[in-house]
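In: Quick one: sequence and predicted model below, then my questions.
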Amino acid sequence: MIPVDKIELKNFKLESGEELEQVTLAYETYGDLNRAKSNVVLVFHALSGDANVVEWWGNIVGSGKAFDTDKYFVLCINALGGCQGSTGPASIDPKTKTPYGLKFPQITIKDMVNAQVKVLDELKIDSVLVATGGSMGGMMSLQFAVSYPDRVRNVIPIATSARTSAQNIAFNEVGRRAIVHDPNWNKGDYYDKTPPNDGLSIARMVGHITYLSDKSMARKFGRKVREGKDFEVKFTGPQFEVESYLQYKGGRFTERFDANTYLYISKAIDLFDLSDEGNGSLAKALNKCKSRFLVIYFKSDWLFPEYQCLEIVDALKDNFKNVSYRVIESTYGHDAFLLETEGMTKAITSFLEGAK
Amino acid sequence: MGYRKVLRPDHKIIENFITEGASVLDLGCGDGNLLSSLIKDKQVKGAGVDKYSEGLNECMKKGLSVMQLDLNRGLASFQDKSFDFVVLNMTLQAMYDTLLVIKEMVRVGKKAIVGFPNFGHWKLVLSLLFKERMPKTKTLPYEWYNTPNIRLMTIKDFKILCRENNINMLEQIFLGENGRTISGRFTSWRAAEGVFLLEG
């Protein structure tokens, strides 16, 4: 679902030095902005997410939920480079009047955050009560806290990292190779033809594996075989339930996601290293922050293992910042940040109760 | 739990050890009462560590900075002498790797404060002698088979451990059963609890 609300930016400067002549940012809001504008919760979505936060995080954002929309004004903006209403590689390049494709400049997490701040400006919100997000959204929340220390009072980075690990880059690269080796990709120029759905679908399959855990897969699929598919398969279709599930998820993804966006945003994730903001020192980078922090890690999340969350916590505590760190029991793997409602809700509501 | 409303006697002793404006790491911070009063009374820069979610949620409600870590794994992510004081109150007896925890405390803290229940109290010793059952008290209320207090020690035990590991005991304060400070003779028999200021 493409959000209704949007803002337009002119000549938006990127970290690379390049400039986007025209940028649209689409966003969704939930709840009411109070008069003092002091109840803003800014949610950053993950790689494949979008602005429709109650859709993908309905157990955390909504009436009576951790981010209670009866109390808070929740804002979620489709990231720059995205394909759900905001400007990305599928958008029309004003210079050529055709889709950007690979002419779209490489964006970064910092660019995405800089763009979203323009929405805050537009809505005349000086400072948000909370900035939060899981995975890539968590990276954005950290970048936001470093780049705009006066514009956020509480930050909740969830299942995330301050710098993308080699393992994560490796998985992202497998996904990207699948896309660029799809003949339909055509060097990113496919918008009037058949898109590289096979490649994108494989990228999503790889991604999906990294979001689950051995336990959650064993529980969900085990060694279950699809009916009547014992020996006749010959690699034409799925044999095991887990194969069928991944193929289904991969296929569904192509209906709503643009392959070039996947390339650009996954690359932006790879490029993310917050210590760049502190000449290689994460502690120096995070020392610029003025907000309280709650860092959440989920047991069984092997995509963002505990040491990566602790690295954030350590850098903050070494600067005597107000940081809390919570470990939430889970067997869901990285997806836990979408699923572990109770643990997350208790931690978030307790943390917000302590917000001055 | 009315006693929690006033400052517990051991909390008061710990407060007296801590200098104004110091940085304090409270290990086993529970619901954060000690940290809160230290921040209020001594304007410390405080952080807490605990394993259990309920207490940590309470701490966060108070606005405290707390980390969910398992002390038995040490304080690897804490730098040497990064806190003025590292406090461990009524928790040491529940640690598996006691010596590691103590060594970590004097490594991370310029000074360390340890408070623990004295298993050498005369009532416990006599109770063990006459009843032949593991003693239970207000501070050690559990059965032997379900107690989280897995490393019971006497004040003398603790002193010897510190001596053997070159940990200096700067100050020691003993509390009687009623929570009052005691001194004079046979303190290690009469003390229900000991609070020690240590330096590595």
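Out: That came through fine.
In: What ranges does chain A have for its helices?
Out: Here chain A has its helices, by DSSP state H, at A:53-56, A:109-122, A:136-147, A:166-180, A:197-211, A:214-220, A:241-256, A:259-271, A:282-286, A:306-318, A:336-339, A:341-353.
In: Chain B now?
Out: Using DSSP H, helices in chain B cover B:9-17, B:33-42, B:53-61, B:98-108, B:122-131, B:155-164, B:187-190.
In: Could I get the ones you listed in a markdown table, plus columns for distance to residue A:153?
Out: Any C-beta I mention is one placed from the backbone N, CA and C, and that applies to glycine too. Converted to a markdown table, those look like this (distance: least, CB to CB, whole Å):
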| stretch | distance to residue A:153 |
| --- | --- |
| helix B:9-17 | 30 |
| helix B:33-42 | 19 |
| helix B:53-61 | 15 |
| helix B:98-108 | 29 |
| helix B:122-131 | 50 |
| helix B:155-164 | 44 |
| helix B:187-190 | 49 |
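In: where does chain B dip in pLDDT?
Out: The model of chain B has pLDDT under 70 over residues B:1-7.
In: picking that back up, closest to chain A out of the helices of chain B?
Out: helix B:53-61 (3.9 Å; CB to the nearest CB).
In: ok now that closest one, how far from the chain's centre?
Out: 19 Å (CA atoms, centre = their mean, to the nearest Å).
In: what helices or strands is that helix leaning on?
Out: strand A:323-328, helix A:341-353, strand B:45-50, strand B:66-68 (3 or more CB pairs under 8 Å, 6 or more residues apart in numbering or on different chains; DSSP states H and E).
In: among the ones you listed, which is nearest residue A:243?
Out: Closest approach to residue A:243 among the helices and strands packed on helix B:53-61 (CB to CB): helix A:341-353, 29.1 Å.
In: for chain A, what's the longest strand?
Out: If you go by DSSP state E, chain A has its longest strand at strand A:19-30.
In: Okay, now the sheet partners of that strand, with direction.
Out: strand A:5-13 (antiparallel), strand A:73-77 (antiparallel) (DSSP bridges).
In: buried set for it?
Out: A:20, A:23, A:25, A:26, A:27, A:28, A:29, A:30 (16 or more other CB atoms under 10 Å in any protein chain shown).
In: what mean pLDDT does it have?
Out: Mean per-residue pLDDT for strand A:19-30: 97.
In: Point me to the residue of the stretch 101-250 of chain A nearest chain B.
Out: Per CB to the nearest CB, the residue of the stretch 101-250 of chain A with the smallest distance to chain B is residue A:154, at 10.5 Å.
In: what residues are up against the nearest residue to residue A:340 once chain neighbours are set aside?
Out: Leaving out its chain neighbours, the residue that sits closest to residue A:340 by CB to CB, 6 or more residues apart in numbering or on different chains is residue A:330, at 4.9 Å. Contacts for residue A:330 (CB atoms under 8 Å, 6 or more residues apart in numbering or on different chains) come out as A:298, A:299, A:300, A:301, A:336, A:339, A:340, A:343.
In: Look up how far chain B lies from the residue most central in space within chain A.
Out: What sits nearest the mean C-alpha location of chain A, by CA atoms, centre = their mean, is residue A:46, with 1.4 Å. Per CB to the nearest CB, to the nearest Å, residue A:46 is found 23 Å from chain B.
In: Now do that residue, the pLDDT please.
Out: pLDDT, residue A:46: 98.
In: Ok, the one 4 residues further on next?
Out: Per-residue confidence for residue A:50 comes out at a pLDDT of 97.
In: looking at it, it is touching residue A:88, isn't it?
Out: No. Assessed by CB atoms under 8 Å, residue A:50 is found out of contact with residue A:88, at 11.5 Å.
In: Now stretch A:312-320: average pLDDT?
Out: Regarding stretch A:312-320, the rounded mean pLDDT is 96.
In: Now it: buried residues?
Out: Counting neighbours by 16+ other CB under 10 Å, stretch A:312-320 gives A:312, A:313, A:314, A:315, A:316, A:317, A:318 as buried.
In: So which residues on the stretch 201-350 of chain A come close to chain B?
Out: Counting by CB under 8 Å from any CB of the partner chain, the stretch 201-350 of chain A comes close to chain B at A:292, A:294, A:310, A:313-314, A:317-318, A:320-327, A:343, A:346-347, A:350.
In: Quick one: the helices of chain B as TSV, columns for distance to residue A:124 and mean neighbour count too.
Out: Putting the helices of chain B into TSV (distance: least, CB to CB, whole Å; neighbours: other CB atoms under 10 Å in any protein chain shown) gives the following:
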stretch	distance to residue A:124	mean neighbour count
helix B:9-17	46	19
helix B:33-42	35	18
helix B:53-61	30	21
helix B:98-108	45	20
helix B:122-131	67	13
helix B:155-164	60	15
helix B:187-190	66	18
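In: which one of the ones you listed lies closest to residue A:258?
Out: Closest approach to residue A:258 among those (CB to CB): helix B:53-61, 39.6 Å.
In: residues in contact with that closest one?
Out: So helix B:53-61 is contacted by A:294, A:324, A:326, A:343, A:346-347, A:350-351, A:353-354, B:29-32, B:35, B:48, B:50, B:66, B:68 (CB under 8 Å, 6+ apart).
In: The most centrally placed residue in chain B: what's it in contact with?
Out: Centroid-nearest residue in chain B: residue B:89, 1.7 Å away (criterion: CA atoms, centre = their mean). By CB under 8 Å, 6+ apart, residue B:89 lies in contact with B:10, B:11, B:14, B:26, B:28, B:34, B:113, B:114, B:115, B:195.
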